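Chemist: Here you go, sequence then predicted model.
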Amino acid sequence: MERLLAVSSSPHIHAPQNTRVIMAWVLAALAPAGLAGVYFFGYRAAAVMAVCVASCKISEYVWQKLAKQTITVGDLSAAVTGLLLAYNLPPSIPFWMAAVGSVFAIVVVKQFFGGIGCNIVNPALAGRAFMMSSWPVPMTSWTLDGLSSATPLAMIKGGSIENLPRIYDLFIGNIGGCIGETSAAALLIGFAILLYKGIISWHIPVVYIGTVAALTAALGRPAGPLYEVIAGGLFLGAIFMATDYTTSPMTKKGQVIFALGCGLLTSLIRVFGGYPEGVSYSILIMNLTVPLIDKFARPRIFGEVKKHG
Amino acid sequence: MKLPSFWGGIHPPQKKDATVNKKIEKYLPKGDLVFPMAQSLGAPCQPVVKKGDRVLVGQKLGDSEAFVSAPVLSSVSGTVKDIALRLTSAGIYENCVIVENDGLYEKDPSWAPLDNYPEADPKEYLKRIREAGIVGFGGATFPTVVKLSPPPDKVIKWLIVNGVECEPYINCDNRLMLEEPEKILEGLRLMLRLFPEAEGVIGIENNKPEAIKTMESEVSKQGDNKISVVPLAVKYPQGAEKMLIEAVTKQEYVMTALPADVGCIILNVRTVHQIREAIAAGEPAISRIITVTGEAVAEPKNIHVLLGTSMRELIDFCGGFREQPVKVISGGPMMGVSLRSIDIPVVKSTSGILALTASNSHLAPESACIRCGRCFEGCPMGLMPSVLNPLVLMRDYKAFEETGGMNCIECGACSYSCPANRHLTQSFRDGKSTIMAMRRKAAVK
């Protein structure tokens, strides 16, 4: 006897990707920066990453179990959050702090707001902000080869630009800083992977970094625009955090507006603010504007005459 | 050189290789023929024969008084066995005329070529197209005579022949262009007599280079400077009316407008071919060309088939199933209708029978939207599928309408690209039909 046929609404074929595949590619794109982090900061960096990823996945699983929700740990988004949070932490961070930050990111920032696709700010960045305000000293102590050092941006803020590391060291990542942010070269490899696989478009990273370069040059920062964009977490933020699907606008037009805002805020914080950095707070603030941007930066419906301009 | 196309769209795998080089084979039915009375957009037909009547090839089985309708004709000679409800490709039981084939193929003598047809009054063409039951063979089955009768104040500048065939797997239009280009061109020339100010454009996607070459050489052989072949970039859904007009004429038009409002009429290649057959050869719309394919079919083929033939016979003609199919689809994989049985007659809208195996058909559960924006990118209508989807799920039809949901052409590009497997197209179909039902209800009050 013939087996019954499946009946469903068209289309009957599907692009070969799903959320899990996309997240796996993001993890792959993050790998070069992670390897650079381990190379420059040692195995402790790897241990921090493992703690964050494990804490994120376990806390998502436990939360969904307790809340009697469908378990979605398999989509790998919690692993991406964990890895991104680790990349934003100093290698010397105590493990328990990293674990608490991860739980905060997943449970409070992501799951309290409805889980994947519903959180209003980037969980990894919000987790970092939570840790910065809870443990400011361990979160800003940088060591490289056993010696504590200031980050280049902190030196610029402090006015001591004669001891700045060479731009070459900055580019490959041989400087003090967070685990995944220091190697611009490794982050650019990741950017290339994301672009090649069509995971993200160039709009947010290029406009964000371009805006920071233009504004810091215009505002006369002493180290120059190239130094400014390579130093600190700008590449990590612009390529991997500001492009988070859930917390960035859905249209290209909206993404450009969003990236301009991120660049403006980052430059203002660096030049006039109390923090030497500014990437994470800029993105967090701009995350909150996304519903508004999405409301105005809508695609034009076929045949509809443009109402403005 | 960058070929013309439209905004948005997707690039699904073509999968046309299995039948691209297969010559169209003629198949004569063995069993009874089933003719659903609703085979075109508009009013369904009422049977004009009774049980026990003898009918001839081309004889009318059903007709309607309505302007937007097309008669249903018998494709064989034989006896009317029954008028009853039968399962059709619409997924429901519909009123059908069932004819027992006597195998004689005795033709209704009223079907002969139109007298002196190249010089005949073009109005005679329209009458003939209506009587021959011709509808849009691309799949929408809009009665062709209605399409060819635009309001008198509209000037038709483009008569576009749709040879895009953007559905994966399907090759019936491609094969027809390769095998009978002269008939397609003749049909187009006859139609251009109706619209003296129009130029004829044959739009073909660039993945059919042989068809482009064949049609081009046929055009130049006949030295007609009012007809041109336009190769188009490969992108789905280029065969959709609005997208093809955008690609060919760079014009857009609002949802409530018609192609004639921007000076266009679009006809599928097989429709133009059928018009020629009806006028020049006295052959009414009693057959069509379909592609029977898919990974589950043993020997995929392009078949010239009489309407009313059971799909089961055609699958047997293709060597049966090599593997148990999970889905059998009437039409292409992007917009076709999945069937619950293969004991279903071929009708005017059947462009293909596609049998997919488990590994080639998509049956995954939905997960949460991650706001990636791929559905925005793919939507050729510039809609926001991920915004519209929850509006339908929340039954907020007013907001669905205000956000542009009624513009959806149900092409499936959004669902195809959604990494969360959201059933976007399905929800819009639901939203649109619910709103249409509400409008009808309001109009009655």
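Modeler: Ah, there it is.
Chemist: Could you measure from B:Thr144 over to chain A?
Modeler: If you measure B:Thr144 against chain A using C-beta to the nearest C-beta, to the nearest Å, the figure is 24 Å. All C-beta spots, glycine's among them, are computed from the backbone N, C-alpha and C.
Chemist: which residues of the stretch 101-250 of chain B fall in strands?
Modeler: According to DSSP state E, counting those that start in this stretch, the stretch 101-250 of chain B carries its strands in the segments B:158-163, B:199-205, B:227-232.
Chemist: Which among the ones you listed is found nearest to A:Pro94?
Modeler: Ranking the strands of the stretch 101-250 of chain B by distance to A:Pro94, with C-beta to C-beta as the measure, places strand B:199-205 first at 60.8 Å.
Chemist: Name all residues that make contact with B:Glu299.
Modeler: B:318-319 (C-beta atoms under 8 Å, 6 or more residues apart in numbering or on different chains).
Chemist: before we move on, back to that, in TSV: the strands of the stretch 101-250 of chain B, plus distance to A:Leu226, mean neighbour count and mean pLDDT.
Modeler: Rendered in TSV, the data for the strands of the stretch 101-250 of chain B read as follows (distance: least, C-beta to C-beta, whole Å; neighbours: other C-beta atoms under 10 Å in any protein chain shown; pLDDT from 0 to 100):
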stretch	distance to A:Leu226	mean neighbour count	mean pLDDT
strand B:158-163	53	26	96
strand B:199-205	46	23	96
strand B:227-232	44	20	96
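Chemist: Ok, which of those comes nearest A:Gly158?
Modeler: With C-beta to C-beta, the closest approach to A:Gly158 among these belongs to strand B:227-232: 61.2 Å.
Chemist: Please work out how many residues are found near B:Met255.
Modeler: For B:Met255, the number of neighbouring residues by other C-beta atoms under 10 Å in any protein chain shown comes to 15.
Chemist: Quick check: phi and psi on it?
Modeler: Geometry field for B:Met255 lists phi and psi as phi -50, psi -40, criterion degrees, to the nearest 10.
Chemist: wait, isn't it in contact with A:Gly303?
Modeler: Yes. When contacts are counted by C-beta atoms under 8 Å, B:Met255 is listed as touching A:Gly303 (6.6 Å).
Chemist: what's the overlap in contacts for those two?
Modeler: B:Asn407.
Chemist: that older thread, right, so of the strands of the stretch 101-250 of chain B, which gets closest to B:Lys398?
Modeler: Nearest of the strands of the stretch 101-250 of chain B to B:Lys398, taken as C-beta to C-beta: strand B:158-163 at 35.0 Å.
Chemist: ok, the closest one: who's next to it in the sheet?
Modeler: Strands that pair with strand B:158-163, judged by DSSP bridges, come out as strand B:199-205 (parallel), strand B:264-268 (parallel).
Chemist: contacting residues around stretch A:280-287?
Modeler: Taking contacts as C-beta under 8 Å, 6+ apart, the residues outside stretch A:280-287 that touch it are A:88, A:120-122, A:125-126, A:128-129, A:233, A:237, A:241-242, A:247-248, A:258, A:261-266, A:269, A:275.
Chemist: Only alpha carbons, please: show it as CSV.
Modeler: What follows is the C-alpha trace of stretch A:280-287 in CSV, where atoms were taken according to Å, rounded to 0.1, in the frame of the first residue of the first chain:
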residue,chain,number,x,y,z
SER,A,280,29.9,48.6,24.4
TYR,A,281,27.9,51.4,25.9
SER,A,282,27.4,53.0,22.4
ILE,A,283,26.0,49.7,21.1
LEU,A,284,23.8,49.2,24.1
ILE,A,285,22.3,52.6,23.8
MET,A,286,21.8,52.2,20.1
ASN,A,287,20.2,48.8,20.7
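Chemist: which residues in the stretch 201-350 of chain B form helices?
Modeler: Shown for the stretch 201-350 of chain B, the helices assigned by DSSP state H, counting those that start in this stretch span residues B:209-222, B:241-249, B:269-280, B:311-317.
Chemist: Rebuild those helices as TSV, extending it with mean pLDDT.
Modeler: Formatted as TSV, the entries for the helices of the stretch 201-350 of chain B read as follows, by pLDDT from 0 to 100:
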stretch	mean pLDDT
helix B:209-222	93
helix B:241-249	94
helix B:269-280	96
helix B:311-317	97
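Chemist: and those helices, which is most packed in?
Modeler: Among the helices of the stretch 201-350 of chain B, the stretch with the highest mean neighbour count (mean count of other C-beta atoms under 10 Å in any protein chain shown) is helix B:269-280, at a mean of 26.
Chemist: What are the contacting residues of that helix?
Modeler: Counting by C-beta under 8 Å, 6+ apart, helix B:269-280 makes contact with B:113-114, B:117, B:120, B:125, B:128-129, B:132, B:134-138, B:144, B:161-163, B:172-173, B:176-177, B:180, B:183-184, B:186-188, B:190-191, B:202, B:267, B:283-285, B:288-289, all of which sit outside it.
Chemist: Now that we have these, which of them are buried?
Modeler: B:114, B:117, B:125, B:128-129, B:132, B:134-138, B:144, B:161-163, B:172-173, B:176-177, B:180, B:183-184, B:186-188, B:190-191, B:202, B:267, B:283-285, B:288-289 (16 or more other C-beta atoms under 10 Å in any protein chain shown).
Chemist: contacting residues for B:Leu388?
Modeler: With contact taken as C-beta under 8 Å, 6+ apart, B:Leu388 is in contact with B:400, B:403-405, B:408, B:424, B:427-428, B:431.
Chemist: Please determine how far it is located from B:Met406.
Modeler: As judged by C-beta to C-beta, to the nearest Å, B:Leu388 and B:Met406 stand 10 Å apart.
Chemist: thinking again about what came up before, contacts with chain A among the contacts of B:Leu388, please.
Modeler: Residues shared between the contacts of B:Leu388 and the neighbourhood of chain A are B:Gly404 [C-beta under 8 Å from any C-beta of the partner chain].
Chemist: out of the contacts of B:Leu388, which is most surrounded?
Modeler: Greatest neighbour count in the contacts of B:Leu388, by other C-beta under 10 Å, goes to B:Leu424: 30 neighbours.
Chemist: tell me which of the contacts of B:Leu388 is nearest to chain A?
Modeler: Proximity to chain A was ranked across the contacts of B:Leu388 by C-beta to the nearest C-beta; first place goes to B:Gly404, at 4.8 Å.
Chemist: The closest one against A:Ile301, yeah?
Modeler: Yes. Applying C-beta under 8 Å, one finds B:Gly404 in contact with A:Ile301, separated by 4.8 Å.
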